[in-house]
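Asker: this one's structure only:
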């Protein structure tokens, strides 16, 4: 059965700090790993990673995938209070395993 | 430019009542999913569909049924609601391509008393 484990479960830091969120996974016929940010409502898409070692970057957020060790990290530099949210990691498979499996998320709180 | 639309947004049911949640997407996506989200549990997959007329069970399918009669719609049914089904339900859809992310609806908050 596919499995996604995120750590830490929660994190409280001060504005301006840098944080690293972790995601390890097990999935049959890996297709991609995705990161989402969830505030009040529906998750919003951040990154999709399919290849090892290629960093995806968007402003202060970046993410990288290691398919050999089966994990991904999400980095946020110079954190702001608007970064406070739950960050979700998910994996999706191929060839009959197209379901998307989510981890329980990391709740990030940024203190001004 | 609607994307993924869920109806209703809120609902309160009594134990034993039935209801159907509707998910509609206008992006011509092949894959559609139903998730439930409970505090501390993340998003758990209930059922999903990889195309019109096909459905499959996810992680927590018991107590729910689904149908995908039209490509753009994915219905989630509760035949006899139980308090354990109190949750926020999210529908999502995507293309069957490696670079296609999941698009979510805004959720349905269901309370079963």
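Answerer: Looks like it arrived, so ask away. Here the structure is a predicted model, which is why all the values come from computation and not from measurement.

Asker: the lengthiest strand in chain B near chain A anywhere?
Answerer: When chain B is parsed with DSSP state E, its longest strand is strand B:42-51. Yes: using C-beta under 8 Å from any C-beta of the partner chain, strand B:42-51 reaches chain A at B:42, B:43, B:44, B:45, B:48, B:50. Just so you know, the C-beta spots here come from the backbone N, C-alpha and C atoms, and that holds for glycine as well.

Asker: ok, those residues vs residue A:31, which is closest?
Answerer: Of all the residues of strand B:42-51 next to chain A, residue B:50 has the smallest distance to residue A:31: 12.7 Å, by C-beta to C-beta.

Asker: which residues of chain B lie near chain A?
Answerer: B:31, B:33, B:35, B:40-45, B:48, B:50, B:56, B:58-59, B:90, B:92, B:94, B:96, B:98-107.

Asker: with respect to residue B:78, which of the residues of strand B:42-51 next to chain A is nearest?
Answerer: residue B:44 (15.4 Å).

Asker: surely residue B:83 meets residue B:113?
Answerer: Yes: counting by C-beta atoms under 8 Å, residue B:83 touches residue B:113, with 7.1 Å between them.

Asker: give me the common contacts of these two.
Answerer: residue B:15 (C-beta atoms under 8 Å, 6 or more residues apart in numbering or on different chains).

Asker: contacting residues around residue B:46?
Answerer: B:34, B:35, B:36, B:58, B:59, B:60, B:61, B:64, B:66, B:76, B:89.

Asker: try it again with 7 Å
Answerer: By C-beta atoms under 7 Å, 6 or more residues apart in numbering or on different chains, the contact list for residue B:46 reads B:34, B:35, B:36, B:58, B:60, B:61, B:64, B:76.

Asker: just name the lowest-scoring one in those residues, pLDDT-wise.
Answerer: On pLDDT alone, residue B:58 ranks lowest of the contacts of residue B:46, at 91.

Asker: that one contacts residue B:45, correct?
Answerer: Yes: Residue B:58 lies in contact with residue B:45 (C-beta atoms under 7 Å); the separation is 3.1 Å.
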